[in-house]
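> Just to be clear, the model below is a prediction. Sequence and coordinates:
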Amino acid sequence: MGTTLPEIKIKGWEALVKELGHAGATKFILLYESGEGDYTRSRKELLKDLTIEEIIREIKSKKKDRGD
């Protein structure tokens, strides 16, 4: 039996990331996959209890952990 669809998906994602980086690979995928739901409403719900200072602190922390 050949490569399964989940295996192809993983290998394809890895190839995109290798060539384009995570941000570029994500942008590429978004060109071909339409989202669903209401992104604005979901984002507001997700972030409703956070202040801008907390968001900035989280971003800086993640960058520091990655070595950026």
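Done, it's in. Numbers count the residues shown, from 1 in each chain.
> any idea which element the most centrally placed residue in the chain lies in?
Per Cα atoms, centre = their mean, the C-alpha nearest to the average position across the chain is that of Thr26, at 6.2 Å. Applying DSSP states H and E as the criterion places Thr26 in helix 5-32.
> Could you tell me how far that helix lies from the centre of the chain?
Helix 5-32 has its C-alpha centroid displaced from the chain centroid by 11 Å (Cα atoms, centre = their mean, to the nearest Å).
> State the next helix or strand along the chain beyond it.
As assigned by DSSP H and E, the chain's next helix or strand after helix 5-32 is helix 39-47.
> tell me the mean pLDDT for the helix holding Thr26?
Helix 5-32 shows a mean pLDDT of 92.
> Can you point out the buried residues in it?
By neighbour count on 16 or more other Cβ atoms under 10 Å, the buried set for helix 5-32 is 16, 25. Backbone N, C-alpha and C define where each C-beta goes, glycine included.
> Can you tell me the closest non-neighbouring residue to Lys11?
Leaving aside its sequence neighbours, Lys11 sits nearest to Thr3 (Cβ to Cβ, 6 or more residues apart in numbering; 7.6 Å).
> That neighbour and Gly12, how far apart?
Noted for Thr3: a distance of 11 Å to Gly12, by Cβ to Cβ, to the nearest Å.
> same deal with Arg66?
Computed as Cβ to Cβ, the Arg66 to Gly12 distance reads 24 Å.
> try Glu36
21 Å.
> Equivalent analysis for Leu20, please.
For Leu20 relative to Gly12 (Cβ to Cβ), the value is 12 Å.
> what's the straight distance from one end of stretch 44-57 to the other?
19 Å (Cα to Cα, to the nearest Å).
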